[in-house]
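S.K.: Quick one, fold the following:
(one chain, ligands or ions: 1)
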Amino acid sequence: MRSWPAAALIRAKREGRRLDAAQWQALAAGIAGGVWSEGQIAAFAMAVAWRGLDAAECREFTFALRDSGRRLDWRDLPGPVLDKHSTGGVGDCVSLALAPLVAACGGYVPMISGRGLGHTGGTLDKLESLPGYDVNPQPGRLARVVREVGCAIVGQSADLVPADRRLYAVRDVTATVDVPELIVASILSKKLAGGAQALVLDIKTGSGAQTPAEADAQALAARMQAVAAGSGLQLATMLSDMGQVLGRTAGNALEVQGVLDLLAGRPRCLRLQELVLAQAARLLHMAGLAASEDAALLRARQALASGAAAERFARMVAALGGPADVFAQALPQAPVQRAVTAPAAGVVQAIDVRALGECVVDLGGGRRAPGAAIDPAVGLAEVRGLGEAVQRGEALAIVHARNVGDAERASVQVRAAFAVGEVAPAAVPAWHWL
Ligand code: URA
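M.R.: Okay, here's the model as predicted:
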């Protein structure tokens, strides 16, 4: 590979000139190999923030990131490799139920997931509520679990897209996390390196989303499609509403409990269940495991109702070092539980979902500094949804806290996040496919 001085590539982007495929490959290799300094990576990220990338550049950049490390090879599996990504939300525990459900229907799901970002929760943090669960298995163990169970939800290993690992760390501290081209390349390079053949991308909108405005979410979806089109990856994009908490809980062990209830046939929130089923059906149909989306949906419903998805989840957890019987496992419980009550009767008119997410972080359920420990037990339960009627004194949510002081502070935040009044809000679809 020809090498290009970092400064020349940064200057080209600073001046709005295009880089070609060979230059993108050199750039990604330079970042992954430690040749580029953090300062150079930061200057590059900021140049992209100001100048943007056209669709072809974004695609070449994505492929270059993908090629900066190991690529997972699943060619010996007897079924399609399927995956999903969500831009993150509050109470969004879809992945935990979706992976075993798709596995129970014949798909293979090696799902490389992340940790909480800002006010949004992270799948790996949730799984670590289960004692012993190994989110960083050796490659051999990961391959074995995917082959034998059909799914494994794990973290990104050091050799998978190493250029993105460095780039992301720099973006995090240089106000370039929200640059659309960098987001697209970061997400899709990891999905491509992970070997997915079909992917559902769930872009959240509304007050609890990273992209609250629908227009921004639509634009992100279009960029993703433009890159995926040339990559061999089948991509389905949906916008889903984060104007209310997804499910009834927000917080790590609380969300895992919600997923266990869903898989055991006791869903606490039909919106969550139907979203999981819709994503599963789309993946199964895209992969040719069902002749139509209706047939796929029926198959997914049966796998949920029969307990087949629950069985896959239990096997995945045990195979990755978690409890031998996750459905019999007591999850971490917070010592203080306090109901936050409605000040007057009415309907829930609006919810500041971001504020609820921040509240969970403040309780200790998320991080304020990279690498900080989190408390798996804390969070919010029995969270009300939009349009629900409440009587004066009824709970809007139950705060689960480590101590009374935290519970008091959180109660104030939760009360302020809910608007209760007389007129019901207009109904918003829970999701729609693009
Ligand atoms: N945003 C990114 O840029 N990368 C990720 O992996 C997730 C969100």
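S.K.: Contacts only, for the nearest residue to Ala287 once chain neighbours are set aside.
M.R.: Using CB to CB, 6 or more residues apart in numbering and skipping the chain neighbours, the partner closest in space to Ala287 is Pro80 (3.8 Å). Yep, even glycine has a C-beta here, placed from its N, CA and C like the rest. Counting by CB atoms under 8 Å, 6 or more residues apart in numbering, Pro80 touches 107-108, 197-198, 287-289.
S.K.: From the contact counts, what lies against the lowest-mean-pLDDT helix or strand in the chain?
M.R.: The least trusted helix or strand in the chain, going by mean pLDDT, DSSP states H and E, turns out to be helix 162-172, with a mean of 92. Under the contact criterion of 3 or more CB pairs under 8 Å, 6 or more residues apart in numbering; DSSP states H and E, helix 162-172 touches helix 21-32, helix 38-51, helix 55-66, helix 180-193.
S.K.: could you dump those to TSV with mean pLDDT and mean neighbour count?
M.R.: Compiled in TSV, these are given as follows (pLDDT from 0 to 100; neighbours: other CB atoms under 10 Å):
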stretch	mean pLDDT	mean neighbour count
helix 21-32	97	22
helix 38-51	97	18
helix 55-66	97	23
helix 180-193	96	23
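S.K.: Reformat the ones you listed as CSV; add distance to Asp134.
M.R.: CSV is the format used below for these (distance: least, CB to CB, whole Å):
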stretch, distance to Asp134
helix 21-32, 25
helix 38-51, 30
helix 55-66, 25
helix 180-193, 19
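S.K.: Let's have the ones you listed in CSV, adding distance to the ligand.
M.R.: CSV is the format used below for the helices and strands packed on helix 162-172 (distance: least, CB to the nearest ligand atom, whole Å):
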stretch, distance to the ligand
helix 21-32, 14
helix 38-51, 11
helix 55-66, 10
helix 180-193, 3
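S.K.: The closest residue to Ser231 other than its chain neighbours: what's it in contact with?
M.R.: Nearest residue to Ser231 in three dimensions, chain neighbours excluded: Leu192, at 5.9 Å (CB to CB, 6+ apart). Leu192 is in contact with 62-63, 66, 71, 231, 233, counting by CB under 8 Å, 6+ apart.
S.K.: ok, those residues vs Gly321, which is closest?
M.R.: Arg71 (25.4 Å; CB to CB).
S.K.: where does that closest one sit relative to Gly194, distance-wise?
M.R.: Arg71 sits 8 Å away from Gly194, going by CB to CB, to the nearest Å.
S.K.: Selecting buried members of the contacts of Pro80 in ChimeraX, what would you type?
M.R.: In ChimeraX, a selection of the buried entries from the contacts of Pro80 looks like this (16 or more other CB atoms under 10 Å):
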select :107,108,197,198,287,289
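S.K.: Among the contacts of Pro80, which ones are in strands?
M.R.: Judged by DSSP state E, the subset of those located in strands is Ala198.
S.K.: Tabulate the contacts of Pro80 (JSON lines), appending pLDDT and distance to the ligand.
M.R.: Listed next are the contacts of Pro80 as JSON lines, based on pLDDT from 0 to 100; distance: CB to the nearest ligand atom, whole Å:
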{"residue": "Gly107", "pLDDT": "98", "distance to the ligand": "22"}
{"residue": "Tyr108", "pLDDT": "98", "distance to the ligand": "21"}
{"residue": "Gln197", "pLDDT": "97", "distance to the ligand": "19"}
{"residue": "Ala198", "pLDDT": "98", "distance to the ligand": "19"}
{"residue": "Ala287", "pLDDT": "98", "distance to the ligand": "23"}
{"residue": "Gly288", "pLDDT": "98", "distance to the ligand": "28"}
{"residue": "Leu289", "pLDDT": "98", "distance to the ligand": "27"}
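S.K.: Stretch 424-434: how far from the chain's middle?
M.R.: 20 Å (CA atoms, centre = their mean, to the nearest Å).
S.K.: how long is it from one end to the other?
M.R.: Taking CA to CA, to the nearest Å, stretch 424-434 runs 28 Å from one end to the other.
S.K.: same check, this time on stretch 242-256
M.R.: Criterion CA to CA; first-to-last residue distance in stretch 242-256 is 19 Å.
S.K.: now Cys269: how far from Gly385?
M.R.: Taking CB to CB, one finds Cys269 at 8 Å from Gly385.
S.K.: try Ser292
M.R.: Taking CB to CB as the measure, Ser292 falls 31 Å from Gly385.
S.K.: Counting neighbours, go ahead and name the busier of these two.
M.R.: Gly385 (15 against 10; other CB atoms under 10 Å).
S.K.: Can you tell me the element Asp83 falls in?
M.R.: Using DSSP states H and E, Asp83 sits within strand 82-86.
S.K.: how close does Ser231 sit to Ala185?
M.R.: Relative to Ala185, and taking CB to CB, Ser231 is found at 11 Å.
S.K.: which of Arg71 and Gly194 has more neighbours?
M.R.: Each of Arg71 and Gly194 has its neighbours counted (other CB under 10 Å); Gly194 has more, 21 against 13.
S.K.: related to what we said a few turns ago, what does the least confident helix or strand of the chain contact?
M.R.: 28-29, 31-32, 36, 38, 41-42, 45, 64-65, 68-69, 156, 158, 176-177, 179, 182, 185-186, 189-190, 370.
S.K.: Surely Glu397 is within a strand?
M.R.: Residue 397: Ala, not Glu. Yes. Residue state for Ala397 (DSSP: H, G, I helix; E, B strand; the rest coil) corresponds to a strand.
S.K.: how about it, what does it touch?
M.R.: Going by CB under 8 Å, 6+ apart, Ala397 touches 339-340, 356, 380-384, 414.
S.K.: Report the two of these separated the most.
M.R.: Maximum distance among those (CB to CB): 15.1 Å, for Ala339 and Leu356.
S.K.: which of the two has more neighbours?
M.R.: More neighbours surround Leu356 than the other of Ala339 and Leu356, with 26 against 15 (other CB under 10 Å).
S.K.: Thought Met224 was touching Leu434, still the case?
M.R.: No. Counting by CB atoms under 8 Å, Leu434 does not reach Met224; the two are 9.8 Å apart.
S.K.: Whichever residue of the stretch 1-150 of the chain sits closest to the ligand: how many residues sit nearby?
M.R.: Closest to the ligand within the stretch 1-150 of the chain is Gly114: 5.9 Å, counting by CB to the nearest ligand atom. Gly114 has 18 neighbours, counted by other CB under 10 Å.
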